[in-house]
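Undergrad: Build me a model:
(one chain, ligands or ions: 1)
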Amino acid sequence: MALLTGKKALVTGARKGIGRGAAIRLAAEGADVGVNDIVDDGVTHETASLVRERGRKASVHVGDVSSLEGIDQTMDDFLSQHGRIDILVNNAIFPGQSKPLFDVDEAYWDSMMELSLKGYFFAAQRAAREMVDQGGGGSIVCLSSVHAFRAFQDWTVYGVAKAGLRRMVKGLAVDLAGTGINANCIAPGYIDNRLPESGLEPEPDDLSDKPGQALRIPSSRGGVPSDIAGAVVFLCSDMGGYVNGETLLVDGGMIASGGILD
Ligand SMILES: NC(=O)c1ccc[n+]([C@@H]2O[C@H](COP(=O)([O-])OP(=O)(O)OC[C@H]3O[C@@H](n4cnc5c(N)ncnc54)[C@H](O)[C@@H]3O)[C@@H](O)[C@H]2O)c1
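TA: Now for the predicted structure:
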């Protein structure tokens, strides 16, 4: 039986990668899905088509979720088409997230914090407000990272933002007590976010050309978006309803093994 029948879900940054995987899996479990992305092209609309292929309603909301204006436009547009919101997946990220320490400048710092902390916070705030006004209940999922758990060279600013999200969902859980809304992070490890030449996602990386990583990922392969999508569905369904304020590592054991990215 489908786990999310009739739910209305908004996924930010859903054009490709983990966001697309989440959109597809949410639809497979019965949810209607709003596909947000800052890029408006055939790939973004293809994600919506993949949702429709699973028998669910899909909508595309092109917008920049690092600004309050973009968040409100996206949310208003989503609500005008779906009528309510039950699930928010805060997922958007821009390319080029690592930077050597001495190359970090104010613009890079600000853009990371604007999208990954400010944007995720105000999208969660707006979604929670709607969920409370609807009578309560709902799920907020934020994409954190293994970088929130340990330091990797050149990833300090990204790691600060992703660690902030771990604290943010604890605060949301506490502030939303009694509303029936749960707020959690998922912390992926190494996930192949490339668009596949065929099929829904790339074949998992067998790590044969990355012996260092193979040693440090106990699951002995790289991750793919569907690995993360399963965790999204779990946290948004009744099965995960009692998980609140938590950050779930989905990393093939990378952090358990003290993993280091080569
Ligand atoms: N891929 C990984 O290995 C990995 C590991 C840990 C955490 N994560 C996290 O998972 C999430 C998804 O990562 P991914 O690798 O699938 O990313 P991705 O680059 O494949 O997709 C991100 C999408 O977000 C969109 N986007 C960028 N800025 C935006 C904005 N301001 N407003 C709206 N959309 C915007 C992009 O256009 C893109 O389509 C991110 O939060 C990332 O930090 C990914």
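
Undergrad: where does the stretch 51-200 of the chain have low pLDDT?
TA: Low-confidence segments of the stretch 51-200 of the chain (pLDDT under 70): none present.

Undergrad: Quick check: residues of it near the ligand?
TA: Within reach of the ligand by Cβ under 6 Å from any ligand atom, the stretch 51-200 of the chain has these residues: 64-66, 91-95, 115, 143, 145, 188, 190-191, 193. C-beta: built from backbone N, CA, C; applies to glycine.

Undergrad: now the helices for this structure?
TA: Taking DSSP state H as the criterion, the chain contains helices spanning 17-28, 42-53, 68-82, 106-113, 120-133, 156-175, 211-216, 225-236.

Undergrad: Just name the most buried of these.
TA: For the helices of the chain, the largest average neighbour count (mean count of other Cβ atoms under 10 Å) is found in helix 17-28, namely a mean of 27.

Undergrad: just to revisit the earlier point, out of the helices of the chain, nearest to residue 254?
TA: Across the helices of the chain, the minimum distance to residue 254, taken as Cβ to Cβ, is reached by helix 211-216, at 6.2 Å.

Undergrad: Name the nearest residue to residue 224, sequence neighbours excluded.
TA: Counting by Cβ to Cβ, 6 or more residues apart in numbering, residue 224 lies nearest to residue 201, which is 4.8 Å off, once chain neighbours are set aside.

Undergrad: ok, that neighbour - how many residues close by?
TA: By other Cβ atoms under 10 Å, the residues close to residue 201 number 22.

Undergrad: Against the ligand, how distant is the residue in the chain sticking out farthest from the centre?
TA: Largest separation from the mean C-alpha position in the chain: residue 102, at 28.8 Å (Cα atoms, centre = their mean). For residue 102, the distance to the ligand equals 23 Å [Cβ to the nearest ligand atom, to the nearest Å].

Undergrad: and if you look at residue 229?
TA: Residue 229 is 11 Å from the ligand, by Cβ to the nearest ligand atom.

Undergrad: so that residue touches residue 19, yeah?
TA: No. Counting by Cβ atoms under 8 Å, residue 229 does not reach residue 19; the two are 9.5 Å apart.

Undergrad: my guess is the residue nearest to residue 224 meets residue 21, correct?
TA: Yes. With contact defined as Cβ under 8 Å, residue 201 counts as touching residue 21 (6.3 Å).

Undergrad: Which residues are in contact with each of the two?
TA: Residues touching both residue 201 and residue 21 by Cβ atoms under 8 Å, 6 or more residues apart in numbering: 224-226.

Undergrad: from these, which is closest to residue 217?
TA: For those, the residue nearest residue 217 by Cβ to Cβ is residue 224; the value is 13.0 Å.

Undergrad: Near the closest one, how many residues? Count them for me, please.
TA: Residues lying near residue 224 (other Cβ under 10 Å) number 22.

Undergrad: shift numbering so it begins at 273
TA: Understood, numbering begins at 273; the last thing we discussed is residue 496.

Undergrad: returning to that earlier point: what would I type in PyMOL if I wanted to highlight the buried members of the residues of the stretch 323-472 of the chain next to the ligand and nothing else?
TA: Per 16 or more other Cβ atoms under 10 Å, the buried members of those correspond to this PyMOL selection:
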select buried, resi 336+337+338+363+364+365+387+415+417+460+462+463+465
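
Undergrad: quick one: which two of the residues of the stretch 323-472 of the chain next to the ligand are the most distant?
TA: Spatial extent of these (Cβ to Cβ) is set by the pair 336 and 462 at 27.2 Å.

Undergrad: roughly how far apart are the residue nearest to residue 393 when sequence neighbours are not counted and residue 468?
TA: The shortest distance from residue 393 to any non-neighbouring residue, by Cβ to Cβ, 6+ apart, is to residue 440 (6.1 Å). As judged by Cβ to Cβ, to the nearest Å, residue 440 and residue 468 stand 32 Å apart.
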